[in-house]
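K.L.:
everything below, folded, please.
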Amino acid sequence: MNDTLIKVLYMISCIFFIRGIKLLGKTATARKGNFYSAIGMLIAVVTVLIQKDVMSAFSTDAATWGGNPLLSNGYCWIVAAVLIGTVIGAIWSKKVQMTGMPELVALFNGFGGLSSLLVALTQYIAASKGDYFTAVSLGLTIAIGAVAFTGSLVAWGKLSGKMTFKGWVIPAKNAVNGVLCVLGLVAIIAYACFTKENPLGFAEIEKCGVIACTAIFLLLGFTMVIPIGGGDMPVIISFLNALSGLAAAFAGFAINNTVLVVSGCLVGASGLILTLIMCKAMNRTFGSLLFKSFGGQKKKGANGPAKEPKSMSVEDAYMILEAAKNVVFVPGYGMAVAQAQHAVKELCDKLEENGAEVNFAIHPVAGRMRQPRERRVDNFHSCKRSEAMYAGPHERLAC
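P.N.:
A predicted model of the protein is given here:
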């Protein structure tokens, strides 16, 4: 295919990506945004498949593959992989419950990081090392993809309850993570800046650098996410999503693919922005996300005057709701797990029959996860009242 036409198709796919992300920002246009993004991805995939470079990784000699010409055709392998992935995805999407979507999203983030990691390792094996920028990009792809993969596995295990890691304590966690990060960067430098003929006299320095980088950053993903509590997983999942996007962007630099760079930057930037928004909503800083353990020990003291917790009986709640004129529901993950959406809708109908105005708001953290919603609302209002009755760990009902 002509190089100019390839660039034009890549540009069109990038436009679909950007437009799709823009439309995903509103509930009314989210489906259309998802559809536009899918079209952009289809154009990008087809453009890559019809390039001659796709075949270069496979031998054109059928004898190499046991005399079978199909096995020597790269497109056959690609079609087989697509079919296998489609079957697995279809079965998985049918079996997973809506309340299991957060851990599924975490697992998808891990697969994104793993794919970037495998692309970088394949590029290292199949192609010769390029210039310094390309080599460093390949090393960063391995590093970020490895962290996103193992970190997402831990997040999936915590949310699904399959790996609780209770009692796991990493002494001097920040120091351990810092040492691992420094060692991993040294391994990247060893691969990118040295060749077989080097002053150290170590001919296998490039190979050892790639192996060490992969192992160290796979371990770093575990040590970074294990101390974080399960209740704070939405924030770390958003951060890992940003890492998977950055890994894809660096992979695009490593293999010289423009659309991969653009799409990876979009995912990385949007994931990082969402992480900052969620940190702000939880009264945390981005530094506390990276260097402090969520869900760990609480501070001995807090700023401001001490306040007594307020409890409320069912009878008191009934009296307050009966006299309420304006009620705001803030559904969250707890409501989805309890499958209480029908009860919430029934309560909403009774309040409206009693003359109260009922609105819905989005929880600053749990509301940004993929959760089931039986009742859709077009207008969401922020809940600014200081007194609220908590209906669960992630939702409140304000009067």
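
K.L.:
can you get me the start-to-end distance on stretch 317-335?
P.N.:
18 Å (Cα to Cα, to the nearest Å).

K.L.:
just checking the distance from that stretch to the centre of its chain.
P.N.:
32 Å (Cα atoms, centre = their mean, to the nearest Å).

K.L.:
check stretch 209-229 too.
P.N.:
17 Å.

K.L.:
in it, what's buried?
P.N.:
Across stretch 209-229, burial judged by 16 or more other Cβ atoms under 10 Å covers 209-210, 212-214, 216-228. Bear in mind the C-beta positions are built from the backbone N, C-alpha and C, glycine included.

K.L.:
from K350, how far off is A324?
P.N.:
Look at A324 and K350: by Cβ to Cβ, to the nearest Å, they are 11 Å apart.

K.L.:
looking at the two, which one has more neighbours?
P.N.:
Of the pair A324 and K350, A324 is the one with more neighbours under other Cβ atoms under 10 Å, namely 18 against 13.

K.L.:
just the pLDDT at the closest residue in space to G112 that isn't next to it in sequence, thanks.
P.N.:
The shortest distance from G112 to any non-neighbouring residue, by Cβ to Cβ, 6 or more residues apart in numbering, is to S244 (3.7 Å). On pLDDT, S244 comes in at 91.

K.L.:
measure S244 to K292 for me?
P.N.:
Taking Cβ to Cβ, one finds S244 at 23 Å from K292.

K.L.:
of the two, who's got more company?
P.N.:
Set S244 next to K292 and count neighbours by other Cβ under 10 Å: S244 wins out with 29 against 15.

K.L.:
so what's the more buried one up against?
P.N.:
109-110, 112-113, 116, 144-145, 148, 152, 267, 271 (Cβ atoms under 8 Å, 6 or more residues apart in numbering).

K.L.:
what comes up buried for the helix or strand where C76 lies?
P.N.:
Secondary structure from DSSP states H and E places C76 in helix 74-95. Applying a neighbour-count criterion of 16+ other Cβ under 10 Å, one finds G74 buried in helix 74-95.

K.L.:
just the helices in the stretch 51-200 of the chain please.
P.N.:
74-95, 101-126, 132-160, 173-193 (DSSP state H, counting those that start in this stretch).

K.L.:
just name the most buried of these.
P.N.:
Of the helices of the stretch 51-200 of the chain, the one with the most neighbours on average (mean count of other Cβ atoms under 10 Å) is helix 132-160, at a mean of 24.

K.L.:
flag the shaky bits of the stretch 1-150 of the chain, pLDDT-wise.
P.N.:
1, 52-72, 98 (pLDDT under 70).

K.L.:
all strands in the stretch 251-399 of the chain, in order from the N-terminus.
P.N.:
326-330, 357-360, 389-390, 396-398 (DSSP state E, counting those that start in this stretch).

K.L.:
can you give me the angle the helix or strand where A242 lies makes with helix 101-126?
P.N.:
Assigning secondary structure by DSSP H and E places A242 in helix 233-255. Here helix 233-255 runs at an angle of 20 degrees relative to helix 101-126 (axes from the mean of the first three to the mean of the last three Cα atoms, to 10 degrees).

K.L.:
tilt between helix 233-255 and helix 132-160?
P.N.:
Using the same axes, to 10 degrees: helix 233-255 against helix 132-160 is 150 degrees.

K.L.:
so which residue is dead centre in this structure?
P.N.:
In the chain, the C-alpha nearest the mean C-alpha coordinate belongs to N241, at 2.3 Å (Cα atoms, centre = their mean).
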